[in-house]
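Engineer: Need a 3D model of the sequence below.
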Amino acid sequence: MSGVQTLDLRGAPDQDLTSVVSHLRSDGLVAYPTETVYGLGGACTPAAIGRVQRLKGRDDDKPLLVLVSGPEDVASLHWNEDARALAEIFWPGSVTLVLADPQEVFPPGVRSPEGAVGVRVSPHPVTRRLLEAFGAPLTSTSLNRTGEPPVSSGAQARELLSEMGALDAVLLDGGALPASGPSTVVDCTGKTPTVLREGVIPVGRLRCVLPEIHGIRID
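Structural biologist: As a prediction, this is how the structure comes out:
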């Protein structure tokens, strides 16, 4: 037995998440399926952020992204017209938008040294239920050791959490995920949006919405 507390949602996706929400509100960590890979995260508090960073051996200057239920969850971030257009078309989905946080609502570790936050709305039903139940944004990073591929099944997630010594994390087991690349990351803090990473959503599709978008060259 791994010792990792697991909530098996494969056959009973509507299980009560009250205990998981309480765990998150106590700065506990949760592993959960997204539309790409299994993620690891918690509340957007310094304590929970620090726990994720230590567990993954992640540098403080590499911020965690944030999963939200919708733009209204991060209304304090700076939403320009381009960011709103991308969110309207690609959310829920595998596009992460990097937005300025002028009011410094999010703490360091989520807010970058430049004052920006990466946000996404995942279409995975487990993640959406978790966010709805928690009622606040959640941090997210892929569940893996640095330099190794992210895990894509509940069984792999449980094994890795045990190996990492994260026995007090809660795993939401949504079963095996289909093969997927990472989300596409778009920096919307400048005058013109810039693609920082091309992932599941190709640059060509983004240019159908914003023809002027900068970033990775496509032939």
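Engineer: Can you tell me the SS state at the most centrally placed residue in the chain?
Structural biologist: Averaging the C-alpha coordinates of the chain gives a centre point, and the residue nearest to it by Cα atoms, centre = their mean is residue 140 (3.4 Å). Following DSSP: H, G, I helix; E, B strand; the rest coil, we place residue 140 in the strand state.
Engineer: Adjust the sequence numbering to begin at 669 for everything that follows.
Structural biologist: With the count now opening at 669, the last piece we talked about shows up as residue 808.
Engineer: check contacts around it.
Structural biologist: Residues near residue 808 by Cβ atoms under 8 Å, 6 or more residues apart in numbering: 702, 707-709, 732-735, 788. For the C-beta atoms, the positions are set from N, CA and C on the backbone; glycine is no exception.
Engineer: now do residue 768
Structural biologist: Neighbour list for residue 768: 745-746, 783-784, 857 [criterion: Cβ under 8 Å, 6+ apart].
Engineer: on that earlier part again, got JSON lines for the contacts of residue 808, with neighbour count, distance to residue 776 and pLDDT too?
Structural biologist: Putting the contacts of residue 808 into JSON lines (neighbours: other Cβ atoms under 10 Å; distance: Cβ to Cβ, whole Å; pLDDT from 0 to 100) gives the following:
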{"residue": "702", "neighbour count": "25", "distance to residue 776": "24", "pLDDT": "96"}
{"residue": "707", "neighbour count": "26", "distance to residue 776": "20", "pLDDT": "96"}
{"residue": "708", "neighbour count": "28", "distance to residue 776": "19", "pLDDT": "97"}
{"residue": "709", "neighbour count": "27", "distance to residue 776": "16", "pLDDT": "97"}
{"residue": "732", "neighbour count": "26", "distance to residue 776": "10", "pLDDT": "96"}
{"residue": "733", "neighbour count": "22", "distance to residue 776": "14", "pLDDT": "96"}
{"residue": "734", "neighbour count": "24", "distance to residue 776": "13", "pLDDT": "98"}
{"residue": "735", "neighbour count": "25", "distance to residue 776": "19", "pLDDT": "98"}
{"residue": "788", "neighbour count": "26", "distance to residue 776": "20", "pLDDT": "98"}
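Engineer: Among those, which pair sits farthest apart?
Structural biologist: 708 and 788 (14.8 Å; Cβ to Cβ).
Engineer: Below-threshold pLDDT in this protein: ranges please.
Structural biologist: Low-confidence segments of the chain, defined by pLDDT under 70: 669-670, 884-887.
Engineer: can you give me the strands in it?
Structural biologist: Remark: strands of the chain, listed N- to C-terminal, are 673-676, 698-701, 706-709, 733-735, 763-768, 784-788, 806-810, 838-841, 852-855, 862-865; assignment by DSSP state E.
Engineer: what about the spatially closest residue to residue 691 that is not a sequence neighbour, distance to residue 738?
Structural biologist: Take residue 691 and drop its neighbours on the chain: the residue closest to it by Cβ to Cβ, 6 or more residues apart in numbering is residue 838, 5.4 Å away. According to Cβ to Cβ, to the nearest Å, residue 838 stands 24 Å off from residue 738.
Engineer: If you count surrounding residues, which of those two has more?
Structural biologist: Legend: neighbour count by other Cβ atoms under 10 Å for residue 838 and residue 738, higher for residue 838 (21 against 13).
Engineer: How about the contacts made by that one?
Structural biologist: When contacts are counted by Cβ under 8 Å, 6+ apart, residue 838 is found next to 672-675, 687-688, 691, 696-699.
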